[in-house]
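# would you be able to build a 3D model of this:
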Amino acid sequence: MTTLLALILTALALAAIGYPLFARRGQTRLRSSGAALAEMEERYRSALADLQDLEADREIGNLSETDHGTLREQYRRRAAEVLREIDALHARETAVRVEFEREAARRRPSVSTGTLVAEPAKTQARGRSARLPVPVLVGTATAVLAIAGVVALYARAVSVQAAQSPLATLPIAHAHVVTNDETGGFWVGHHDGLLQSSDGRTWRQAGTAGDTMGVVATPDGAHWLALGHDVALVSTDLGASWSPLTHDLPGTDIHGAAAGRDWIYAYVVGFGVFRSGDGAQWVQTGVPIAQEVGALAVLSDGAGGDALFLAAGGTVLRSADGGRTWGAAAGAGNLALGGTVRGVAANPDGGALFAATTEGLYRSLSQGADWLRLPFRGSPAAVGAREARVAVVDQEGRFFLSTDGGATWVPSG
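Model (predicted):
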C-alpha cells in the first residue's frame, strides 16, 4: 500500500507540475521551463538517493549518530529547496501565461471599430485577480503532493532496507561468486575454497580449497565444475564429492564461468573466452581483454545465441559474438550503474542481469542498456540469481536472500 500511495501521489504531483508547463509547447519560454523542470526532477531524485544511502551508512556503522543527524537534516533541506524551486518555476510559468494573455487582449479587435485596442485597465485587473487563486492553489497542492510522495517513497525504501538482515555470516575473507542451483541450494566460491548450503542458513565446506571464481553445471546437469585460480574440479554427485577435472584449457587461472543454453563458458586470464559442452573439451571463442576480469554471466540474446557479460575494469562489458568483441553494458544517464562493479550474474529464467557494485545492487532487464538500483543496504561483493531467488554475499561475508527478485529480503528470523 505504501508503494502504491507513493506512486499515486508522485504521479499527481508530476501531473500538476507538468500540465501547465507543457500546455503551450510551441512557446519558447515554456519549453525552457520544461528543461528546467527536468533538471530539478533529477536533483530531487539525487536527494532521495542520498537519503537512502545515508540510512545504509548508519546501519553498517560508517556514520556516527551525530554525523547521521547532521547530514540527514542537510539532505532534507536540500530536497525541500528543490520543491520550493519547482513551485517558483510554476509561478513564473503562470506569469508568462498572464503576460501572453494580456498581450493577446491588448491586440484583440474592438467590436465597435474593428481596430486593435488595449483592454481597459480595470478589466485586466479583474482578470488578474480572478486568476491569482488558481496558481496559488495549484502550487500549494503541488508542493503538498510532492512532499507526500517523497515521504512515502523514502519510508518505503527505509522500511525495506531496515527489514534486511543476513541469513548467515560466512567464514570467508572474500566472495568471488554466488551460484543458485536448481534444487534451491546455493554455492559460494571464495578466496579459500567453496561453501554449499541447502537453505542459505547453514553451510558446509564443499571439500575443495583454492581461489574458486566459478561454480557451474554442464548443460545436461550431469557434472558440476568448480573453476578458479589453479582450481579445476568436477563433481558427479551434486557436489557431495569432488575430483580433479581433466581438461584441455591452455591456462589454469580462470576468472569466471557461467552456463548458457547449450554451452558453459569460462574466461581464462591471458587467453580469453572458451566454451565447452562437458567441461573436458574446450573451444576458444574470444580473445583476452586488457581489463582485469572478476566474473562472467550469460543470457540468451533473443536470437538463439548467447550474450556474454564480464565484470571487468570496474564496469560491465557485453559481447554478442562469443567474446571476440566487447562493448559497454553499464547503462547511461540516470539509468547507469553507480560505483565500481565487483560482480555480475544472470537469471536465465527471467532474462535479468544483476551487478554488485561499491554503491549497491543493480538489475537490468535490457541486457545492460539501462539499470535499476535495488533496495539492498550494504556493499555487495557477489550476486547470484535463479527464478525469483536473488542471493548476495557482501564485503563482510554476510549472506542475504530475496525471493521476489530483489524487491525485499528474507529476514534472519
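# use CA for all of it now, contacts and neighbours both
Noted.
# buried sites along stretch 205-212?
Of the residues in stretch 205-212, Ala206, Thr208, Gly210, Asp211, Thr212 count as buried by neighbour count, 16 or more other CA atoms under 10 Å.
# in a markdown table: those residues, plus pLDDT and distance to Gly189.
Listed next are those as a markdown table, based on pLDDT from 0 to 100; distance: CA to CA, whole Å:
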| residue | pLDDT | distance to Gly189 |
| --- | --- | --- |
| Ala206 | 87 | 10 |
| Thr208 | 73 | 10 |
| Gly210 | 88 | 9 |
| Asp211 | 92 | 8 |
| Thr212 | 95 | 5 |
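# pull the most distant pair out of those residues.
The largest separation in these, counting by CA to CA, is between Ala206 and Asp211 at 13.1 Å.
# list just the nearest of the buried residues of stretch 205-212 to Leu365.
Thr212 (28.0 Å).
# that closest one: helix or strand, and which one exactly?
strand 211-217 (DSSP states H and E).
# partner strands of the helix or strand that Thr179 is a member of, with direction?
Here Thr179 is covered by strand 175-180, with elements defined by DSSP H and E. Paired strands of strand 175-180, with direction, are strand 186-190 (antiparallel) (DSSP bridges).
# which residues are common contacts for Ala206 and Asp211?
Gly193 (CA atoms under 8 Å, 6 or more residues apart in numbering).
# and Arg398, how far from Ala385?
16 Å (CA to CA, to the nearest Å).
# any idea what Ser300 is bridged to?
Note on Ser300: beta-bridge partners by DSSP bridges are Asp306.
# what pLDDT is listed against it?
For Ser300, the pLDDT comes out at 91.
# what's the answer for Gln291, then?
93.
# next one: phi and psi at the closest residue to it other than its chain neighbours?
Counting by CA to CA, 6 or more residues apart in numbering, Gln291 lies nearest to Gly313, which is 4.8 Å off, once chain neighbours are set aside. Backbone geometry at Gly313, expressed as degrees, to the nearest 10, gives phi 60, psi 30.
# what's the answer for Leu365, then?
Torsion angles, degrees, to the nearest 10, at Leu365: phi -110, psi 10.
# and if you look at Arg72?
Per degrees, to the nearest 10, the backbone of Arg72 is at phi -60, psi -40.
# quick revisit: quick one: which of Arg398 and Ala385 has more around it?
Neighbour totals were compared for Arg398 and Ala385, and Ala385 leads with 29 against 19 (other CA atoms under 10 Å).
# tell me the confidence at the closest residue to the more buried one other than its chain neighbours?
Among residues not flanking Ala385 along the chain, Asn347 sits closest, at 5.0 Å (CA to CA, 6+ apart). Looking at Asn347, its pLDDT is 94.
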